[in-house]
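Visitor: Any chance you could fold what I've pasted below:
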Amino acid sequence: MGFSNLFKILFLVSVSCLILKVVDGYYLPGSFPHRYFTGDQLSIKVNSLTSIDTEIPYGYYTLPFCKPLEGIKDSAENLGELLMGDRIENSPYRFKMYKNESEIFLCKTNPLSGEEFKTLTKRIDEMYQVNLNLDNLPAIRYMEKDGLFLRWTGYPVGVKIQDVYYVFNHLKFTVLVHKYEHENVAGVIGTGDGAEWITPTNETTTDDGYVVVGFEVVPCSVNHDLNKLKNVKTYGKYPSPIKCDPVSVGMSLKEGKPVTYSYEVSFVMSDIKWPSRWDAYLKMEGAKVHWFSILNSLMVITFLAGIVLVIFLRTIRRDLARYEELDKEAQAHMNEELSGWKLVVNDVFRAPNNPQLLCIMVADGCRILVMGVALIFFAALGFMSPASRGTLLTGMLVFYVLLGIVAGYIAVWLWRTLGNGEKLGWFSVSWRVACFFPGISFLILIIINSLLWGSGSTGAIPFTTFLVLILLWFGISLPLTLIGGFMATKAPYLEFPVRTNQISREIPAQKCPSWILVLGAGTLPFGTLFIELFFIMSSIWLGRVYYVFGFLFVVLILLVTVCAEVSLVLTYMNLCVEDWKWWWKSFFASGSVALYIFLYSINYLVFDLKSLSGPVSAMLYLGYSLFMVIAIMLATGAVGFLTSFFFVHRLFSSVKID
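Guide: Reported below is the predicted structural model:
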C-alpha cells in the first residue's frame, strides 16, 4: 500500500508540473486577470445593502431602484456567500471599456407609494450602504474628514438634512484601467466574474486590451427636470449637463413623487498593476499602530511564557531529582514534607465526572483547532483572499466536515484510555461527537435565521442551503466521525502507569477555591490575542477587510503554546495540594479564555458599536459572539487538557512508585 500511495503522489506531482510547464503561469482560482478590449461591454453587479447600524443585510431590489431590462438574475454564489448574506445580482448599469460617457439617463421610477417611501427613509435613517461590484472589485468611495483621507466601500442610499430626506440618484463612476500585460497564459479557466479563455501570446492583435485595476464611485443627489425626460429612453442622453457635486443635495424624497436615476463613467489609465489592485481596500488607517501593537504583544507574551516555562521545568526537575536521591525508606518518610503530588498516586487517574462529555468536548476542540490552523495557513498563502467572496467560510465548512474522522478517532481513543481499553460504548461516543458542536451551532443558527427571516433580510439562510448543511452534516461528517471512532477501536490506547484505589482519597481543604484559579488562568491566553481580536471584530462588524492572516497564524501558535503552559502549571499546582480532580480543571484552565473573549464582546458592543440599534441587531451580535466563544472554549480547552494529560502520565511514569 505504501508503494502504491507513493506512486500516486509522484504521478499527481508529475502531471501538475507538466500542466504548469505548458501553461507557464499560475493563478489561484478566480484570481487571474480578465482582459477587456476597447468597446467591450462592462456590467456592474449589485450586492446586498448593508449597515453597521443594524448588521441586517437586505436585497438591493427591496428599494425602488432601477431594474435591468433583461430582468433580475442571480449570479453564481458559493455556500460561504449565502451564509454571509451576500446576494449578487445583475444591475442596469452598463458601459463600454474605455468609452467615457456622461448624462446617461437610467430610469424614472413609479411615484413612490407610502410603503416605498417609508422603507426608503428608514434605510436612510439606518445608514444603509449600496454595494456595487465591477470585475470582482467592490466600488470604493473616498472622502476627507477632519484632515483624514477615508476609504469606504459602497455609498449611502441617501442622507437626511433638517428632517428632509435626499436620495443619491446620480452616480459618477471612475474605472481605473491598466494595459494588459501578457503572462504567457493560455487556456486557463477561472471562477471570477467574467471568466473566459485568455488569448494566447502568439495571437496577433492591434489592441492588447485592458484590465480593471480600480472602481471608484461618487454619489450625488441631483434634481432632474421631469419635463426634459419625456422623449428620453433608458441609456439615452439627458438633454442638459448634470453637475455632480457630492457636497450639495437636490433630489428630495416625497410620497407620490417619482425618483429619476442617472450616471456617468470615465476611464483613467493607472500605473497600478493587476496584482496590486486590492491594495486600496487593504489599506487601513493606523496601520503602524496595528503592526506595533501586535509585535509588542507577541514579545511580552513570549517573554512571560518563557519565564513560566523555565520556572515550571526547574520545579519539576528539582522534585524528581530529590526523589531519585532518596532511598525507599527515606522516600516513605519524606513524602509529605517534599511534595503532595506523589500522595495522590492512586487517585490521579481516577475517572472524572461525566467522562463521555469530556471525551466529546476534547475531540470537538481538536477538530476545531486543526480546522482553524489549516484555514488560517491557507488564507495566509493567499488561497482565501478577499477577492474570492465566501471562500473563507466555505473552506471552514469543508475542513470541519472532513476532520470528522479526526474527532471520532480522538474521542474513542480517549474513551478507551479512561476505560482501560474497554471498547463498549464507542459508537455512542462517536455519534455524539458528530452531533455535539454542530447541534449547538444549528440551534444558534435557527434562532438567528428566524430573526432575520422575520425582518425580511437577505441574511436569512435559504431553505435549500439549510438542506445542504444538513446533508453535509449527516451525509459526510457523521459517517467520517463513525469511521474515525471505529479506527480508534483497533488502535492501541494509553495505559496508566499506576493502579487506582477503589476508595478515593479525601482532598484537603484549600485556602483558595481552585475554580478561582481556573477562571483567572484565562487572562494570560487572552493577553495573546486581545489586540488581534479588535481587528477581527472590526472586520466582521464594521465592514473592514481583514488581511493580516500571517500575523493571525503566529498569534494562534502563540495562543496554543500559552494555553498548554497555563494548563500545565495549574494542574501541577492542584496535584501539589493533593487535589486529584484535575481533569475538568485542566480543560477549563485554558478554556476560560473564552469567558474573557465574551466579556470583551460585550464591551465591544457597548463602546464600539454604539450605533447598533434594535433588539434584533443585538440578538444577532450576541448569537454570533456566543457561537465564536463556544468554538474557542472547545479548542483552547482541548489544548490544555491533552497537554496536562500527557504531562501527568509522563510525570507518574518517571518516578519509582511502590
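
Visitor: which SS state does V639 fall under?
Guide: Here V639 is helix, with the state taken from DSSP: H, G, I helix; E, B strand; the rest coil.

Visitor: Hmm, it is touching A564, no?
Guide: Yes: counting by C-beta atoms under 8 Å, A564 is a contact partner of V639 at 5.6 Å. All C-beta spots, glycine's among them, are computed from the backbone N, C-alpha and C.

Visitor: Got the domain ranges for the chain?
Guide: Following the TED database, the chain resolves into domains at 40-182+207-282, 287-324+340-502+512-654.

Visitor: lowest-confidence stretch among those domains?
Guide: Mean pLDDT is lowest for domain 287-324+340-502+512-654 among the domains of the chain, at a mean of 86.

Visitor: now that one, how far from the centre of its chain.
Guide: 16 Å (C-alpha atoms, centre = their mean, to the nearest Å).

Visitor: Specify the local secondary structure of F95.
Guide: Under the three-state scheme (three-state DSSP), F95 adopts strand.

Visitor: That one - nearest residue in space that isn't next to it in sequence?
Guide: Among residues not flanking F95 along the chain, V265 sits closest, at 4.5 Å (C-beta to C-beta, 6 or more residues apart in numbering).

Visitor: Am I right that that neighbour falls within a strand?
Guide: Yes: assigned with three-state DSSP, V265 falls within a strand.

Visitor: If it is in a bridge, with which residues?
Guide: E101, F173 (DSSP bridges).

Visitor: Give the full set of residues in contact with it.
Guide: Contacts for V265 (C-beta atoms under 8 Å, 6 or more residues apart in numbering) come out as F95, N100, E101, S102, I104, K172, F173, T174, V175.

Visitor: what's the distance between it and V648?
Guide: Distance of V265 to V648, given as C-beta to C-beta, to the nearest Å: 69 Å.

Visitor: one step back: distance check, the residue nearest to F95 against K96.
Guide: Counting by C-beta to C-beta, the gap between V265 and K96 amounts to 9 Å.

Visitor: likewise R544?
Guide: Distance, R544 to K96, using C-beta to C-beta: 33 Å.

Visitor: go on, S644?
Guide: From S644 over to K96 the distance is 66 Å, taken as C-beta to C-beta.

Visitor: Compare the two and say which is more crowded by neighbours.
Guide: Each of S644 and K96 has its neighbours counted (other C-beta atoms under 10 Å); S644 has more, 27 against 16.

Visitor: In contact with the more buried one, which residues?
Guide: S644 makes contacts with S567, L568, T571, W582, S586, A589, as judged by C-beta under 8 Å, 6+ apart.

Visitor: If you rank those by neighbours, which is first?
Guide: In the contacts of S644, the most neighbours by other C-beta under 10 Å go to A589, 33 neighbours.

Visitor: The host helix or strand of it - contacts with which helices or strands?
Guide: Here A589 sits within helix 583-591, counting by DSSP states H and E. Contact here means 3 or more C-beta pairs under 8 Å, 6 or more residues apart in numbering; DSSP states H and E; on that basis helix 583-591 packs against helix 355-380, helix 514-520, helix 549-576, helix 615-653.

Visitor: Pull the residues that contact the very next helix or strand once past that helix.
Guide: Moving toward the C-terminus from helix 583-591, the next helix or strand (DSSP H and E) is helix 593-607. Outside helix 593-607, the residues that touch it by C-beta under 8 Å, 6+ apart are 519, 522-523, 525-526, 530, 533-534, 537, 541, 559, 563, 612, 618, 621-622, 625-626, 628-630, 632-633, 636.

Visitor: returning to that earlier point: name the residues that touch the helix holding A589?
Guide: Contacts with helix 583-591, where a contact means C-beta under 8 Å, 6+ apart, come from 352-353, 358, 361-362, 365, 514-515, 517-519, 521-522, 525, 563-564, 566-567, 570-571, 574, 633-634, 636-641, 643-645.

Visitor: would you turn the helices and strands packed on helix 583-591 into TSV with distance to S441?
Guide: Converted to TSV, these look like this (distance: least, C-beta to C-beta, whole Å):
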stretch	distance to S441
helix 355-380	11
helix 514-520	25
helix 549-576	21
helix 615-653	6
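
Visitor: Quick one: closest of those to R499.
Guide: Proximity to R499 (C-beta to C-beta) singles out helix 615-653 among those, at 11.1 Å.

Visitor: what's the spacing between the nearest residue to V212 once chain neighbours are set aside and A411?
Guide: The shortest distance from V212 to any non-neighbouring residue, by C-beta to C-beta, 6+ apart, is to D135 (4.1 Å). Distance of D135 to A411, computed by C-beta to C-beta: 47 Å.

Visitor: Tell me which of those two has more neighbours.
Guide: Shown here are D135 and A411; by other C-beta under 10 Å, A411 has more neighbours (31 against 21).

Visitor: Checking the more buried one next. Helix, strand or coil?
Guide: Under three-state DSSP, A411 comes out as helix.

Visitor: didn't it look like it was pressed against A363?
Guide: Yes: counting by C-beta under 8 Å, A363 is a contact partner of A411 at 3.5 Å.
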